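S.K.: Here you go, sequence then predicted model.
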Amino acid sequence: MHIDDKHADCCDENIVHDDLIHLVAEDMPEEEELYDLAELFKVFGDTTRIKILYTLFKSEMCVCDIAEVLGMSQSAISHQLRVLKQAKLVRNKRDGKQIIYSLDDAHISKIISMGLEHVKE
């Protein structure tokens, strides 16, 4: 059976399933929450930021160490860390003269882990 590519993603009949529509619509997050979610995923859309997140997934590190691992300048890493911190994906703490970065919480570890699992399938 050959499916016409123009219509492959459309129903052959227009039947509205009111029970399903109601179920989904009543649980739909507010527009602002969906906007925030989209913004969060935009932050994940940069390879450098993903590399930084993966590095921090493995170990807490200072900017110097992250820059060394990724072969980048400290200023470039610092800029991306600011973006990640604003998105609440990383946090930092002072340790003497160094600032140590880590993933903000276990949710971020799960996102990284699940994303890697998905792309390896």
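M.R.: Arrived safely. No experiment lies behind these values; they were computed from the predicted model shown. Numbering: from 1, shown residues only.

S.K.: What about residue 37, how many residues nearby?
M.R.: Neighbour count of residue 37, defined by other Cβ atoms under 10 Å: 11. Quick note: C-beta positions are derived from backbone N, CA and C, even for glycine.

S.K.: Also residue 67?
M.R.: Neighbours of residue 67 using other Cβ under 10 Å come to 18.

S.K.: Surely it and residue 80 touch.
M.R.: No. With contact defined as Cβ atoms under 8 Å, residue 67 does not reach residue 80; the gap is 10.4 Å.

S.K.: give me every residue that touches residue 85.
M.R.: 91-92 (Cβ atoms under 8 Å, 6 or more residues apart in numbering).

S.K.: Now name the helix or strand holding it.
M.R.: helix 74-86 (DSSP states H and E).

S.K.: That helix: which residues count as buried?
M.R.: 77, 80-81, 83-84 (16 or more other Cβ atoms under 10 Å).

S.K.: And stretch 20-31, by the same measure?
M.R.: So for stretch 20-31, nothing qualifies as buried (16+ other Cβ under 10 Å).

S.K.: List of residues touching that stretch?
M.R.: residue 37.

S.K.: and if you look at stretch 59-71?
M.R.: 48, 51-52, 55-56, 73-74, 76-78, 81, 95, 98-102.

S.K.: Please type out the PyMOL selection for whichever of those turn out to be buried.
M.R.: The following PyMOL line selects those of those that are buried, judged by 16+ other Cβ under 10 Å:
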select buried, resi 51+52+55+56+77+81+100+101
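
S.K.: Quick one: residues contacting residue 94.
M.R.: Each residue near residue 94 by Cβ under 8 Å, 6+ apart is listed here: residue 100.
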